[in-house]
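# Compute the structure for the input listed below.
(2 chains)
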Amino acid sequence: MTAIGWLLAASALIVAGMAAIAWAMPRHHELLDRPPPTASARRRARRMGWPMLAMALVPCVAGWGGSIGSVLWIGLLSVGVLVIAGIITVRGARRRT
Amino acid sequence: MNALGRALLGLHAWGGLVFGWLLVPIFVAGSIAVFEPEISHWLQPELTAPQFSRTQAVALAQARLGDLAAGASAWRVRLPNRREPTIGIGWGSDPRKMTEQTLDAASGQPLTPRATHGGHFFTAFHSELLGGTAGKWLVGAIGIVMLAAIVSGVLVHHRILLDFFTFRPWANRRRAWLDAHNLVGVATLPFLLMITWTGVVILAETFMPAATHALYDGKASANRAEVVKSFVREPAGVSLPTKPLTEHFAAAEAILGADTVSYLLVRHPNDRNALVQALRHVDERLSAVADHVTFDAATGEIFGQQTEWNAMAYAYRAQVGLHVVQYGGPTLRWLYFVSGLLGAAMMAAGIVLFERKRRQRAGDRRGQRLLEAVGVTSVAGGCIALLAYLWAARLLPVELEARAGRELLCFFTVWTATFAHALSRGRGGPERAWREQLSVAATLALALPLLDLLSAAPSVDALRFGVDLTALACGALLLLAARLFALPRPVRSVLAEAGS
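The predicted structure follows:
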């Protein structure tokens, strides 16, 4: 697989993982005027989210090797946080206009 | 809030403000410097970007050096690559002060690029504020305060974990700016810590030279010479033709790896004791150590090679490599570029936040207006001045005397002018100055592709086009930033439009 393929795989895993972790926080449901998820649903979401973030390390290391791959992984985590925050913000802003 | 909390807040707010004034332009310039070769190419439309063969490039370089500098005691050849698609040759007696020439990578014809600081301007501004050793001291001190500001920031904004993923532009203005500052800060925290720490480590030798001075008799290069092996010998004074460099090049790539040799250095060409050294690039290793191999120029036998390094050399050069991002290809470069600009945006938001909060207490006083003017000048004015450099480097007449120096003059003049503008427009709040300067910066960025197409029409290539597109994207973001200061409830409506 080429660099772009590995990058897409890693980004997809990280964005999905961050989405699950954000979904597990009641505050974001509040921002979107939705009832908060139950405690067990939140736990399930967290248990899905964190392993996905960890799994994203695999395509990073496969495409770039151990040292560069782990740097890339940390960088993509930053991007993942901002992508999810952006999506929540745009959806929240739409509800309020 | 207890005394420790107040002390941390004071450190974070005032330290962040005063040092942020210089950190924002340093971060912006550093992000641009990631693409130094591309910018240098963009700034010199005289340079060509043909399809090339590296082996043929070596032969062309040797032919040219044989014509121009048969008697020189050293030759240097920089091979073309995708980011710098020209051949660079150099000759002279001191490898550090060579006469240089740039050749077309396909034909070997000499090119005559204009005199400019090129992309290196951004690196020099980023690492020493164009001020030599004194500048390095200042940048190092700023970096250390930045580390303190990051750590105190994590403690001061203790709600960042609760507010993870949270950005509420529809809330009141201050909340929105604080959300942006916290969110971007916490998301890029690993990058910010890494880049600031490694930056300070790179400069450490400059502000703590005592140990090197004592242990190596004041010769910092002696330290390096212990790590980087040097394979040299005196000339014999007997002439013996150097074999074609293409043969040494092929032998070097067999040892160092295919497509990895970036430089060739010939010592005493056409002497019986001539040597050819090949240096490997560091494009795919985190630790910026360049393996090298040296051949006897006449026989092709290996004279010496270094492909294994001292473990401490790997460890130290990994920190350097992490900062200068030669490794990892376009993915990592873009990641650094975006992360650096996000870091600058986070600090800019912090500056706006602090100055707004202070205005509520201090009112429209002269001191307050001065703080705000410096804030506008540092962030928006810095962007204008950096963009003005690009314009100056392209527009100043090619035949101008001391042309490269005039580029710097343009840069500093424009930056000073933005300060005068911010001061004169600051009565009653800095919003107007912010809006106007960010709009000017956006216009300068958005019009860059136009300048490029009009003044470099015959030679638009992929590299140049990439810079043009990036300038367009940055211009659009600056325009969006200008609108944050334009409307009564700015962030919310801007975002609503962006989202619809």
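# only C-alpha atoms for contact and neighbour calcs from this point on.
Fine.
# quick one, strands of the stretch 101-250 of chain B?
Listed in chain order, the strands found in the stretch 101-250 of chain B under DSSP state E, counting those that start in this stretch are B:110-111.
# Which residues of it lie near chain A?
Residues of the stretch 101-250 of chain B lying near chain A by CA under 8 Å from any CA of the partner chain: B:164-170, B:183-184, B:187-188, B:190-191.
# Just the buried ones from those residues?
Taking 16 or more other CA atoms under 10 Å in any protein chain shown as the criterion, what is buried in these is B:F164, B:F165, B:T166, B:F167, B:R168, B:P169, B:W170, B:L183, B:V184, B:A187, B:T188, B:F191.
# What residue, apart from its backbone neighbours, is nearest the first one spatially?
Of all residues not flanking B:F164 in the chain, B:L183 sits nearest, at 6.8 Å (CA to CA, 6 or more residues apart in numbering or on different chains).
# Same check on the second one?
Once flanking residues are discounted, B:F165 sits nearest to A:A85: 4.4 Å by CA to CA, 6+ apart.
# again, but for the fourth one
The spatial neighbour of B:F167 that comes closest, neighbours along the chain excluded (CA to CA, 6+ apart), is B:D179 at 5.1 Å.
# Quickly note the distance from that neighbour to B:L192.
Plainly put, B:D179 is 18 Å away from B:L192 if you go by CA to CA, to the nearest Å.
# A:T38 too?
For A:T38 relative to B:L192 (CA to CA), the value is 36 Å.
# who's more crowded, these two?
Set side by side, A:T38 and B:L192 show more neighbours around B:L192, with 20 against 11, by other CA atoms under 10 Å in any protein chain shown.
# Check the stretch 251-400 of chain B for the residue nearest chain A and tell me.
Residue nearest to chain A within the stretch 251-400 of chain B: B:L286 (6.1 Å; CA to the nearest CA).
# circling back to that earlier point, which one of the residues of the stretch 101-250 of chain B next to chain A sits closest to A:M18?
Using CA to CA, B:F165 comes nearest to A:M18 of those, at 9.2 Å.
# Pull the distance from the strand or helix carrying A:S70 to the chain's centre.
Using DSSP states H and E, A:S70 sits within helix A:66-95. Taking CA atoms, centre = their mean, to the nearest Å, one finds the center of helix A:66-95 at 6 Å from the center of the full chain.
# what packs against that helix?
If contacts are counted by 3 or more CA pairs under 8 Å, 6 or more residues apart in numbering or on different chains; DSSP states H and E, helix A:66-95 sits against helix A:3-23, helix A:57-64, helix B:173-187, helix B:189-207, helix B:490-499.
# Tell me which of these lies nearest to B:R159.
Nearest to B:R159 among those is helix B:173-187 (8.9 Å), distances taken as CA to CA.
# Return the set of buried residues in the closest one.
Residues of helix B:173-187 classed as buried: B:173, B:176-187 (neighbour count, 16+ other CA under 10 Å).
# Please pull out the lowest mean pLDDT helix or strand from the chain.
Went with chain A since none was named. helix A:26-31 (a mean of 89; mean pLDDT, DSSP states H and E).
# next structured bit after that one?
With elements assigned by DSSP H and E, the helix or strand that comes after helix A:26-31 is helix A:39-55.
# May I have that following helix exported as CSV, CA atoms only?
Provided in CSV are the C-alpha atoms of helix A:39-55 (Å, rounded to 0.1, in the frame of the first residue of the first chain):
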residue,chain,number,x,y,z
ALA,A,39,-23.8,5.4,31.6
SER,A,40,-23.4,2.0,29.9
ALA,A,41,-23.7,3.4,26.4
ARG,A,42,-20.9,5.9,27.3
ARG,A,43,-18.8,3.1,28.6
ARG,A,44,-19.3,1.1,25.4
ALA,A,45,-18.3,4.2,23.3
ARG,A,46,-15.2,4.7,25.3
ARG,A,47,-14.2,1.0,25.0
MET,A,48,-14.6,1.4,21.2
GLY,A,49,-12.8,4.7,20.9
TRP,A,50,-9.6,4.2,22.8
PRO,A,51,-8.6,0.9,21.0
MET,A,52,-9.3,2.6,17.6
LEU,A,53,-6.8,5.3,18.5
ALA,A,54,-4.3,2.6,19.5
MET,A,55,-5.0,0.6,16.3
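# and the direction of it versus that of helix A:3-23, what angle?
Here the directions of helix A:39-55 and helix A:3-23 differ by 160 degrees (axes from the mean of the first three to the mean of the last three CA atoms, to 10 degrees).
# Now helix A:39-55: buried residues?
For helix A:39-55, burial by neighbour count (16+ other CA under 10 Å) applies to A:R42, A:A45, A:R46, A:M48, A:G49, A:W50, A:M52, A:L53, A:M55.
# how about the nearest residue to the first one, chain neighbours excluded?
So that's A:R42. In space, A:R42 is closest to A:A24, 4.4 Å off (CA to CA, 6+ apart).
# Surely that neighbour touches A:R47?
No: in this structure A:A24 lies outside contact range of A:R47 using CA atoms under 8 Å: 9.7 Å.
# Over to B:V276. Which of the three states is it?
The three-state assignment at B:V276 reads strand, by DSSP: H, G, I helix; E, B strand; the rest coil.
# my guess is B:L245 contacts B:A59, does it?
Yes: distance between B:L245 and B:A59: 6.7 Å, which falls inside the contact criterion (CA under 8 Å).
# neighbour count winner among the two?
B:L245 (21 against 17).
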